[in-house]
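Participant: Build the 3D model from these lines:
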Amino acid sequence: MTTKAYAALLRGVNVSGHKRVPMAELRTLLTDLGHGDVRTYLQTGNAVFTSALDDEQALAARLEQAVEERFGFGVDVLVRDHAYLRAVADSCPFPAASLEGRQLHVTYFSEPVTASRLAFLDAAMYLPEECRLGDRALYLYTPGGLGRSRLAEALTRSAPADGVIATTRNWNTVVKLVELTRAHPA
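Facilitator: Alright, predicted model coming up:
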């Protein structure tokens, strides 16, 4: 049976004291769901695993249900395979190699987001901060870091609606997830 490596990105866990999901318990949960080579990265809801199931949406739905049953609260989950994660990293429109990890972020979306969804932004108002759309992703350059970013604040206030799930990771995490999923070849 062939397996594929995935990263699960849990949205909004273990930040600001809300929705606590211990990573050891998340690893056990993923293993109990039948996944292999389970590892977590940091405490902010990043897990890597292998599965014979080749359906990111089904994997995400099963994990969302399991988290709710185990911890008693709902969490949005995005599951992405190595090829997608690699493509997002490789397609970065900013000079990632010359930036600090805290200056560059990727917001992953559950579905494609068109430029019309960002039409409300007057990009010149936020310079030198910038954002650019990719494949179900938004690249966000914030020279002063995300916590001080006026652009990130504006994007959060006007986040894509209509059931689109969005979760953001800094560049260090983006690169690490590519590395961790590559370490689990199919």
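Participant: Going by C-alpha atoms from here, please, whenever you check contacts or count neighbours.
Facilitator: Fine.
Participant: Which residue ranges of the chain form strands?
Facilitator: Using DSSP state E, the strands assigned to the chain run over residues 4-10, 36-41, 46-51, 77-81, 104-109, 130-134, 137-141, 166-170.
Participant: Report the rounded mean pLDDT for the third one.
Facilitator: Think strand 46-51. Mean pLDDT, computed over strand 46-51, is 96.
Participant: got it, and the first one?
Facilitator: Averaging pLDDT along strand 4-10 gives 96.
Participant: could you give the angle of that strand to strand 46-51?
Facilitator: 150 degrees (axes from the mean of the first three to the mean of the last three C-alpha atoms, to 10 degrees).
Participant: Could you do the second one as well?
Facilitator: Following the same axes, to 10 degrees, one obtains 170 degrees for the angle between strand 36-41 and strand 46-51.
Participant: Please apply the same query to the fifth one.
Facilitator: Note on geometry: by the same axes, to 10 degrees, strand 104-109 and strand 46-51 are set 50 degrees apart in direction.
Participant: who's in contact with strand 104-109?
Facilitator: 78, 96, 136-143, 145, 164-171, 174 (C-alpha atoms under 8 Å, 6 or more residues apart in numbering).
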